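> Below is the structure, and that's it, no one-letter string:
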């Protein structure tokens, strides 16, 4: 590659770099300066020019300049011939006259840099088992540095040190070799002088079976990708004259066994527990039975005896019994789907496995701590939980008793909410738990809360106040605990009926109905019903003016209160009786005895008294006609007046109807012929 720096020009949106030789041509688009041309040949001279580009096209190329690429990087190959050196080789780079190598240890800031004209070099005095990164660069004859390449190489590991060689316990005799881990080692091989070997990748020990009575040596070699280390110093070992071991056929019962020894009269076995308790047995057999407690380590040895005395040498073996089952196991529900298990630590246990039979005995916890949380469990399920103690030597005690505990009940959900009457609502829920589960349905309002308990799928709220809104939720309850609450659903009771309503007759055919506000009601439909017809109005107000009223008629008063969401409540009130009908055909006559008679016709039944009032400029007169009468006589004191005549019925409550209309009459004096006419019974009809 070659990077070109150029002066950008006004109006250009991009640029094209052109690189060419006699037999090569390449154009590379770039956004601005500097720009780089790639895919060129190493150590080759090119003619370079720049063209500017916009929507109108490209410009003419600039004056060309010459540029030359550098040499390639050396292709480094590395090996570690020893644990303190790395050898580097590479093929010669064309046109290169000098090479630079730089080495740095991984994780370190110190580096070593050197120049050479050879194609091989060995770095000495390095640290064993460490990774080093080496960067190689070539130089051309013009003194220009070329590309670089970096490779990393680990040195061979140092020699391990053998700590100890032990005879392993058990019926089968073996040798265990232990060593210290070394830097950079990936695996180890222990070589024994009898030709055997054993390998370990993760542990710092390995084991081989041997025969009793051998005197041998062993060396350990560490390996990594670079190769093997130097062998460790050989460690000498000697196997026993006879083998002893311990078996445990049943819990609490151990059996010490050993190989038979020639020329022996009897054996004395000593058993010592790690808390200091000792036991022994004298036997001519090759077994000794003793009581062993879980979680303890026992040190055993056997001395053969004959007439010459005891054997001068006896190996000591240790045997660790299986760890005891935990005591004081407690299980408690810490959330709806999590059980916390706790127990007292037990002797001999290095690890605890906690499983549940209902989860296919997967291990929920594999920990040294005496506590475990079993999470993401199924609701309303009894889990059989077992805590299993484990040790490295004896494995896990699979005889421990399981403990049972139940999770919280499953969450119920509301299926429907139905109104059965004006103040009773039935809630239908799911019942996802066992039959002994109770459910609490709660309706939470702004000012009050109602609860309902059930063991089946229905729960009824009674006497819910009208005009209220509630959030209804449900929860399941068992002796174990409570479930999570179900999803909330709204409940709106019907609006309240107005406490009072008043019907006032405005005219003979029109009434004004007023009422108190009903809680939760936004609009009202008020109806006056009778056998002669009905009147109705729908309003947002608390009053309504209604026509189509018939006089002397009994009406029932009904109302429908409607909430903003469409809930309706039917309301019924005491009936309303319209006022008696105003009389029609009202006439005023003058009689011969200077009296005036007011005559009318009644529309309704003749059951009401009537009151008649004459309002004149000179005098006012009133009279009362009994029920069934259709006229009333008034003794006039002054003639020739103009009267406003009002005839109105009197209701059963003694209140006169106030809206009957007045009629005006001009009443001339006797002997005057103005406005007079002849009528039967020698009456004169007075002109209105």
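Yes, it's here. Please read these numbers as outputs of a predicted model, since none were measured by experiment. Numbers count the residues shown, from 1 in each chain.
> got the residue ranges for the strands in the stretch 101-250 of the chain?
Using DSSP state E, counting those that start in this stretch, the strands of the stretch 101-250 of the chain run over residues 111-116, 120-123, 131-140, 145-154, 162-168, 174-179, 187-192, 197-200, 205-209, 215-224, 227-228, 235-238, 244-250.
> Which positions in the third one come out as buried?
Buried residues in strand 131-140, counting neighbours by 16 or more other CB atoms under 10 Å, are found at 131, 132, 134, 135, 136, 137, 138, 139, 140. For the C-beta atoms, the positions are set from N, CA and C on the backbone; glycine is no exception.
> so how far does stretch 56-73 reach from one end to the other?
43 Å (CA to CA, to the nearest Å).
> Give me the buried positions along that stretch.
59, 61, 62, 67, 69, 70, 71, 72, 73.
> that older thread, sort out which one of the buried residues of strand 131-140 lies nearest residue 529 for me.
residue 131 (101.9 Å; CB to CB).
> What is the burial count for the closest residue to residue 194 other than its chain neighbours?
Leaving aside its chain neighbours, residue 194 sits nearest to residue 216 (5.6 Å; criterion: CB to CB, 6 or more residues apart in numbering). Residue crowding around residue 216 was assessed by other CB atoms under 10 Å; the count is 17.
> ok, residue 216 touching residue 193?
Yes - at 4.8 Å, residue 216 and residue 193 qualify as touching, with contact defined as CB atoms under 8 Å.
> Residue 46 bridge partners, please.
Beta-bridge pairing for residue 46 (DSSP bridges): residue 67.
> okay, it: pLDDT?
On the pLDDT scale, residue 46 is placed at 95.
> Over to residue 323?
pLDDT at residue 323 comes out at 89.
> I'd guessed it sits against residue 348; true?
Yes - Residue 323 sits in contact with residue 348 when judged by CB under 8 Å, with a separation of 3.8 Å.
> okay, the two: which has more neighbours?
Of the pair residue 323 and residue 348, residue 323 is the one with more neighbours under other CB under 10 Å, namely 26 against 21.
> And that one, which helix or strand is it part of?
Per DSSP states H and E, residue 323 falls between elements, in no helix or strand.
> check contacts around it.
The contact partners of residue 323, taken as CB atoms under 8 Å, 6 or more residues apart in numbering, are 294, 295, 346, 347, 348, 349, 350, 389, 390, 391, 394, 397.
> now the residue nearest to the last one when sequence neighbours are not counted: how far from residue 278?
Closest residue to residue 397 in three dimensions, ignoring its sequence neighbours and counting by CB to CB, 6+ apart: residue 322, at 4.8 Å. Taken as CB to CB, to the nearest Å, the spacing of residue 322 relative to residue 278 amounts to 22 Å.
> of the two, who's got more company?
residue 322 (22 against 9).
> I figured the more buried one hits residue 388, correct?
No - with contact defined as CB under 8 Å, residue 322 does not count as touching residue 388 (10.5 Å).
> Next, residue 509: phi, psi?
Here is the backbone geometry of residue 509 (degrees, to the nearest 10): phi -120, psi 10.
> Quick one: residues contacting it.
Per CB under 8 Å, 6+ apart, neighbours of residue 509: 547, 548, 549, 550, 551.
> Residue 120 now?
87, 88, 89, 90.
> Same list (the residues you listed) but as JSON lines, adding distance to residue 575 and pLDDT.
Listed next are the contacts of residue 120 as JSON lines, based on distance: CB to CB, whole Å; pLDDT from 0 to 100:
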{"residue": "87", "distance to residue 575": "120", "pLDDT": "96"}
{"residue": "88", "distance to residue 575": "117", "pLDDT": "96"}
{"residue": "89", "distance to residue 575": "120", "pLDDT": "96"}
{"residue": "90", "distance to residue 575": "117", "pLDDT": "95"}
